[in-house]
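K.L.:
need a 3D model of the following:
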Amino acid sequence: MRDLQFYQQVDHLQKDCRGRAFSLPVFYYDVTAVMAGFLTPLEKVQALLPSLRMKPLRATPWHAVTIISCFEYRDSDAGPYNEVAIAFPFTLDKSVPVLTGLLGEIKRGPFAYVYKLPVTTEIAYQFGVEFYNYPKFLATIDFTRENNWIRCRLADISLPSPPGSS
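P.N.:
The predicted structure follows:
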């Protein structure tokens, strides 16, 4: 049985999402998170950002940072589901120095543009798109554990249909 004392201190808004009632903010009680950062060609990341004001964090003069985060939500107000985030850390309006600036911004907590956010359940998809405007879509995301390793596998991606298509 979970201890809800901390969570009961926060006021909730009761919302309806396509006929299902739930509370905002959504609380997550039992989570596994696995994250990794990768060097990505700077010009490719810049092309994916929706504004020129967004300056990708750079690890080298030619590389931005891409973060891939895998979440296994075993117990949440939205029920259990899994999620994978592909995100690009950035600063607004001014670039920071390569490497040393990267370390400073990580310490300060830079912004992150969430580029893709597949999830495994319809309700996680619905409230993520309707209330948070996240770029969510449905996919198969499995977690396995073996020999002290955690593996996350993303497959069977179901991207939303483009507007006007049947």
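
K.L.:
bridged to S23, which residues?
P.N.:
Beta-bridge partners for S23, by DSSP bridges, are Q14.

K.L.:
equivalent analysis for I141, please.
P.N.:
L154.

K.L.:
go on, the one 5 residues further on?
P.N.:
Counting by DSSP bridges, E146 forms beta bridges with W149.

K.L.:
next, count neighbours for it.
P.N.:
Neighbourhood size, E146 [other Cβ atoms under 10 Å]: 7. To be clear about C-beta, it is placed using only N, CA and C from the backbone, and glycine gets the same treatment.

K.L.:
quick one: it and K15, what's the gap?
P.N.:
39 Å (Cβ to Cβ, to the nearest Å).

K.L.:
do V26 as well
P.N.:
V26 is 10 Å from K15, by Cβ to Cβ.

K.L.:
mind listing the shared neighbours of the two?
P.N.:
Contact criterion Cβ atoms under 8 Å, 6 or more residues apart in numbering; residues shared by V26 and K15: F127.

K.L.:
and the closest residue to A155 other than its chain neighbours, how many residues sit next to it?
P.N.:
Excluding the flanking residues, the one nearest A155 by Cβ to Cβ, 6 or more residues apart in numbering is T140, at 4.8 Å. When neighbours are counted by other Cβ under 10 Å, T140 registers 13.

K.L.:
quick one: contacts of the helix or strand hosting Q126?
P.N.:
Applying DSSP states H and E as the criterion places Q126 in helix 122-130. Residues from elsewhere that reach helix 122-130, judged by Cβ under 8 Å, 6+ apart: 15, 17-18, 20, 22, 26, 78-79, 81, 83, 117, 119, 134, 136-138.
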